Every structure is written in structure tokens, then in C-alpha cells.
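Asks: okay, sequence plus prediction incoming.
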Amino acid sequence: EAAVTQSPRNKVTVTGGNVTLSCRQTNSHNYMYWYRQDTGHGLRLIHYSYGAGNLQIGDVPDGYKATRTTQEDFFLLLELASPSQTSLYFCASSNRGQDERLFFGHGTKLSVL
Amino acid sequence: GMPVEQNPPALSLYEGAESGLRCNFSTTMKGVQWFQQNHRGRLITLFYLAQGTKENGRLKSTFNSKERYSTLHIKDAQLEDSGTYFCAVENSGTYQRFGTGTKLQVVP
């Protein structure tokens, strides 16, 4: 089973704060994804990447940046956090072209006050 | 985006009962994946299908791309099956989009 580790597990910040969420996968998957989960919306894709240095936008990218520094590491950045970004954030990875399954981390609960 | 509708939104089953969950989408899709989100919020991969049917224990899933739906059937429901079930569908060349889920409660 693929291992995807997110940190931190919980984060509280204030409006206008700067937040970085981290994700590491150890199975050499090519694709990595950041989703947010909100009641009534299911999971919505923010950004994704197909390899180190690559970034693609998802369905809800506004207010978020992301960076894929290595094959293993994918970061989500909120440079001016707003209360509307209070959510549960999931990172996932997949080995597209070989195995289309998504494997998720445990999630990061972010509260913006 | 491509709407992905899941039915029913919520479901209650007695232990030992069975039922099916449905995922409908608006265009032809390349594949579908089913997940269970447990009471701790963990997303567990159940199935990925590009076609046909897969079975794993008490769970069975089908994918009909032409008719634009997928189903997840649970038989002999157990308490640990409680949680929210999501389907996620993928169009060729894009990424998976999620439905809004079916919340399942299994009661003794």
C-alpha cells in the first residue's frame, strides 16, 4: 500500500497568515494532488503535479499556490489565508499509466480565524 | 466541471443487510474509483475500474461507461462498513472528480 504522509495534522492561523502544508509520498508515484473537503462539496481538486517542477491547476485553485520540489514532495501554500480556506485538506498520489488508483494521506485540518 | 451525482445521499442498513450505491456522471468516462471515508476521516481505496465488474469480499463494483454509471454493492453489512462512500470519475487526459458521497450507517 502506498504511503502518503501529510504534515501538520492540524493547523490554526489567522486571517492574512502564511501557511504551508506538506506532503511526502514514498512510492515513486508520478502524480500528486491537493484536495480540499468541505461539507456538501465532497473533495475538490486544488492543484496537481505530474513530476518534480511541474504544476497544474485543478478546479478550485484561487488563493492557493503549490510547488513540487522533488518526486516525493508536494507543498500547498496559502500566502494570505482567509476564513473561506478553513477546510480539511488531503494530499494524494497515483502512478498514472500503471495504476490509476489514488492513495491519500491522513488529511490536515486547517482553521483560519 | 463534469457533474458527478451519487445516490442515495444517506442510507441506513441493519447488520447483515445489503444495498447498492450509485454514481452517475454526465459524459463517457475512462474509469471510476470508489473510496470509503471512515469515522476517523481516513480515505480508503476500495476499487478502481476501467470496465466491467470487480469483487472483493462483501463488496462488488460495476462500471458502465456507455450508460454513464457505476455501482457499489455491499452485502452482509457490518458495523465497520459505516462511513461515507465516494466515487471519483476520470475523463481521458484529465483527473478524477469526486461525487458528494453517500453516508452509510450500519445499525445492530
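Replies: Perfect, thanks for sending it.
Asks: any idea how far B:Ile74 is from the spatially most central residue of chain A?
Replies: Most central in chain A under Cα atoms, centre = their mean is A:Trp34, positioned 2.7 Å from the mean C-alpha point. Noted for A:Trp34: a distance of 30 Å to B:Ile74, by Cβ to Cβ, to the nearest Å. The C-beta positions use only the backbone N, C-alpha and C, and glycine is treated the same way.
Asks: need phi/psi at the residue in chain A sticking out farthest from the centre.
Replies: The outermost residue of chain A, judged against the average C-alpha position, is A:Gln98 (21.9 Å), by Cα atoms, centre = their mean. Recorded main-chain torsions at A:Gln98 are phi -120, psi -50, according to degrees, to the nearest 10.
Asks: B:Glu80 too?
Replies: Backbone geometry at B:Glu80, expressed as degrees, to the nearest 10, gives phi -70, psi -10.
Asks: A:Leu110 contacts A:Pro83, correct?
Replies: No: between A:Leu110 and A:Pro83 no contact is recorded; they are 10.7 Å apart, counting by Cβ atoms under 8 Å.
Asks: neighbour-wise, which of those two wins?
Replies: In this comparison of A:Leu110 against A:Pro83, neighbours counted by other Cβ atoms under 10 Å in any protein chain shown, the higher total goes to A:Leu110 at 21 against 10.
Asks: does the more buried one sit in a helix, a strand or a coil?
Replies: For A:Leu110, the reduced secondary structure class is strand; criterion used: DSSP: H, G, I helix; E, B strand; the rest coil.
Asks: report the beta-bridge partners for it.
Replies: On the basis of DSSP bridges, A:Leu110 is bridged to A:Lys11, A:Ser87.
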